[in-house]
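Engineer: Mind folding the following:
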Amino acid sequence: MQRTWLIWVVMLACEQKGGDPQGETETAASTATDATGAPDPTGGSGTGGQSSTSSSSGAPEPTTGGTASPSSGSEPTTTGVDSSEPPGDPTQVCQRFCDRFTACELDYLFDGCPCAPEQVEGVECLHHWALTAGCFEIDSCESLGSQLSPCWDDFYATQDWCLYGDDGCEIFGEAGEHVPEDSCAYTDHCIEKPSRRVFCDATSCTCEIDGVATATCPENGLCRGSITAEEHLDACCGR
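Structural biologist: Just a heads-up that it's a prediction; the model follows:
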């Protein structure tokens, strides 16, 4: 009986020593995982094992897709010719204008091209023809043909500058019923300056600036041709 009990005790001890160690192994692994604080890769919330590409500063990654538009918006549109550029010579400037004038079939408006090199005299006249030629070159034929184009304003201003000369003024003698015998009147019409007019009888003259009487002065022989209208206007009206 004692022998049987001893055998049973020995067998029981061997069974416990050689049994399945899985429970102990899992317990040890769980303890090791808890000690390191690593997340369980098979469950729970988080990134699921994927690495993050965000920088430590938290700034978002730049986007490279799409087409960037220039910050300045649309390109500026050039209108006319840079006034700092030399205008060239009358033949060259008129050729530029007439080429465009003919290409847009505008010849019928003036019975041909209205720019003739022999009529382009003076720095201001040539300069304004160059501006007009540049405007006609960049505008459309449809716009020019409608005569609503702002280039026509340049054109008529050019006509005035070529008529009035480099100082932008021209003196015209007046005649008619409003100028009695032994009297005379002259107007100094200007583009960019006040216009002057002097009206004289046999003894005295009245000066007007832009239609307003401003002074009187002796006739000094103006109506008889003893003094030029320009000299008299300068002496009586000033500038």
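
Engineer: Now do the same contact list for residue 163.
Structural biologist: residue 170 (Cβ atoms under 8 Å, 6 or more residues apart in numbering). For the C-beta atoms, the positions are set from N, CA and C on the backbone; glycine is no exception.

Engineer: So it versus residue 124, what's the distance?
Structural biologist: Distance of residue 163 to residue 124, computed by Cβ to Cβ, to the nearest Å: 11 Å.

Engineer: cool, and residue 93?
Structural biologist: Counting by Cβ to Cβ - residue 93 and residue 124 are separated by 13 Å.

Engineer: so what's residue 186 closest to, chain neighbours aside?
Structural biologist: Among residues not flanking residue 186 along the chain, residue 229 sits closest, at 4.1 Å (Cβ to Cβ, 6 or more residues apart in numbering).

Engineer: quick revisit: of residue 93 and residue 124, which one has the most company?
Structural biologist: Between residue 93 and residue 124, counting by other Cβ atoms under 10 Å, residue 93 is the more crowded of the two (24 against 18).

Engineer: Would you mind confirming that that one makes contact with residue 125?
Structural biologist: No. Using Cβ atoms under 8 Å, residue 93 is not in contact with residue 125, being 9.9 Å away.

Engineer: residues near the residue nearest to residue 186, how many?
Structural biologist: Applying other Cβ under 10 Å, we find 19 residues neighbouring residue 229.

Engineer: and it, what does it touch?
Structural biologist: Taking Cβ under 8 Å, 6+ apart, we find residue 229 in contact with 171, 173, 186, 188, 198, 222.

Engineer: Quick check, pLDDT for the second one.
Structural biologist: As summarised for this prediction, residue 173 has a pLDDT of 93.

Engineer: That one contacts residue 186, correct?
Structural biologist: Yes. Using Cβ under 8 Å, residue 173 makes contact with residue 186 at a distance of 5.6 Å.

Engineer: neighbour count winner among these two?
Structural biologist: Taking other Cβ under 10 Å, residue 173 and residue 186 do not tie; residue 186 has more neighbours (21 against 10).

Engineer: May I have the beta-bridge partners of the more buried one?
Structural biologist: Judged by DSSP bridges, the bridge partners of residue 186 are residue 173, residue 198.

Engineer: Find the residue closest to residue 157 in space, skipping its chain neighbours.
Structural biologist: residue 128 (6.2 Å).

Engineer: so what secondary structure elements neighbour whichever strand or helix holds the one you found?
Structural biologist: In this assignment (DSSP states H and E), residue 128 forms part of helix 123-138. Using 3 or more Cβ pairs under 8 Å, 6 or more residues apart in numbering; DSSP states H and E, the elements in contact with helix 123-138 are helix 90-103, helix 151-164.

Engineer: Relative to residue 207, how far out is the residue nearest to residue 157?
Structural biologist: For residue 128 relative to residue 207 (Cβ to Cβ), the value is 30 Å.

Engineer: quick one on the thing from earlier: in the helix holding residue 128, what counts as buried?
Structural biologist: Neighbour-count burial for helix 123-138, counted by 16 or more other Cβ atoms under 10 Å, picks out 124-136.

Engineer: With stretch 214-229 instead?
Structural biologist: Under 16+ other Cβ under 10 Å, the buried positions of stretch 214-229 are 217, 219, 220, 222, 223, 229.

Engineer: pLDDT averaged over that stretch, what's the number?
Structural biologist: On average, stretch 214-229 scores 92.

Engineer: repeat for stretch 121-136
Structural biologist: 95.

Engineer: For that stretch, output the C-alpha coordinates as PDB.
Structural biologist: Extracted as PDB, the C-alpha positions of stretch 121-136 are listed here (Å, rounded to 0.1, in the frame of the first residue of the first chain):
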ATOM      1  CA  GLU A 121       7.700 118.800 -89.900                       C
ATOM      2  CA  GLY A 122       8.900 119.500 -86.400                       C
ATOM      3  CA  VAL A 123       9.700 117.300 -83.400                       C
ATOM      4  CA  GLU A 124       6.200 117.300 -81.900                       C
ATOM      5  CA  CYS A 125       4.500 116.500 -85.300                       C
ATOM      6  CA  LEU A 126       6.900 113.500 -85.900                       C
ATOM      7  CA  HIS A 127       6.500 112.300 -82.300                       C
ATOM      8  CA  HIS A 128       2.700 112.300 -82.400                       C
ATOM      9  CA  TRP A 129       2.700 110.500 -85.800                       C
ATOM     10  CA  ALA A 130       4.900 107.800 -84.200                       C
ATOM     11  CA  LEU A 131       2.300 107.400 -81.300                       C
ATOM     12  CA  THR A 132      -0.500 107.300 -83.800                       C
ATOM     13  CA  ALA A 133       1.200 104.600 -85.900                       C
ATOM     14  CA  GLY A 134       1.900 102.500 -82.800                       C
ATOM     15  CA  CYS A 135      -1.800 102.700 -81.800                       C
ATOM     16  CA  PHE A 136      -3.000 101.700 -85.200                       C
END
